[in-house]
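Student: using only what follows, build the 3D model:
(chains A and B)
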Amino acid sequence: DTGVSQDPRHKITKRGQNVTFRCDPISEHNRLYWYRQTLGQGPEFLTYFQNEAQLEKSRLLSDRFSAERPKGSFSTLEIQRTEQGDSAMYLCASSFGGWPQHFGDGTRLSIL
Amino acid sequence: AQSVTQPDIHITVSEGASLELRCNYSYGATPYLFWYVQSPGQGLQLLLKYFSGDTLVQGIKGFEAEFKRSQSSFNLRKPSVHWSDAAEYFCAVGSAGGATNKLIFGTGTLLAVQP
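Tutor: Numbers count the residues shown, from 1 in each chain, chains lettered A, B, ... in the order given. Prediction:
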């Protein structure tokens, strides 16, 4: 059990650029979640995959956001045309059934 | 709608003292309740969870929590705090609507430990 891995740990980009984050869940975990955490707040749900199927998206996930989980293994979260308000920590979690219990260390996004 | 309230934004305790972090939830049915801890720059680690049964649940690192339905509370406790417990603590309620089991988090309580 190597834990949930997220890459990169930090990303600094200029407003308007596109960014992509990667999450590698614990092996054989069929459920994968993305959360966003802003300063002073708890994590907020963004989207959820069961295997390769994206089953739910939060209203927080605007059209500029897209997530994929090809082959039901790793997942990517892409943000297009980044805005200042996208600055946050993006957390990935995985589980085998049940609830999201194993979180990665997150990707911190800073928009200049 | 489901929600979680953590009334204390910041708490300071002395090392060796007891600790209680408050959590109140709003949920229409029997809740699934969780406590997580987050160290600076890191992800969340699950401390304990309550699904059903005994209302006093034991977790890792010497933490426990008690579910009180009448008070809609799920407070986290530790009898003797260690300096390494300094971190941010999040309470969460599980929302099992639709096809998703997702967590709704409170805003967190930042714990500082004085020597």
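
Student: please make it C-alpha for all contacts and neighbour counts, starting now.
Tutor: Noted.

Student: give me the residue from chain B nearest chain A.
Tutor: Closest residue of chain B to chain A, Cα to the nearest Cα: residue B:43 (3.8 Å).

Student: quick check, that residue in contact with residue A:108.
Tutor: No. Using Cα atoms under 8 Å, residue B:43 makes no contact with residue A:108, being 10.9 Å away.

Student: which of the three states applies to the closest residue to chain B within chain A?
Tutor: Using Cα to the nearest Cα, residue A:105 is the residue of chain A that sits closest to chain B, at 3.8 Å. Put simply, residue A:105 is coil when judged by DSSP: H, G, I helix; E, B strand; the rest coil.

Student: can you count the residues close to it?
Tutor: 25 (other Cα atoms under 10 Å in any protein chain shown).

Student: now it. Its backbone dihedrals?
Tutor: phi -80, psi -10 (degrees, to the nearest 10).

Student: quick check, it in contact with residue B:41.
Tutor: Yes. With contacts counted by Cα under 8 Å, residue A:105 reaches residue B:41, the gap being 7.2 Å.

Student: one step back: the residue lying closest to the residue of chain A closest to chain B once chain neighbours are set aside: neighbour count?
Tutor: In space, and not counting its chain neighbours, residue A:105 is closest to residue B:43: 3.8 Å by Cα to Cα, 6 or more residues apart in numbering or on different chains. As a burial measure, residue B:43 scores 21 neighbours (other Cα under 10 Å).

Student: residues from chain A in reach of chain B?
Tutor: Within reach of chain B by Cα under 8 Å from any Cα of the partner chain, chain A has these residues: A:40-45, A:48, A:55-56, A:91, A:98-106.

Student: nice, that's everything, thank you.
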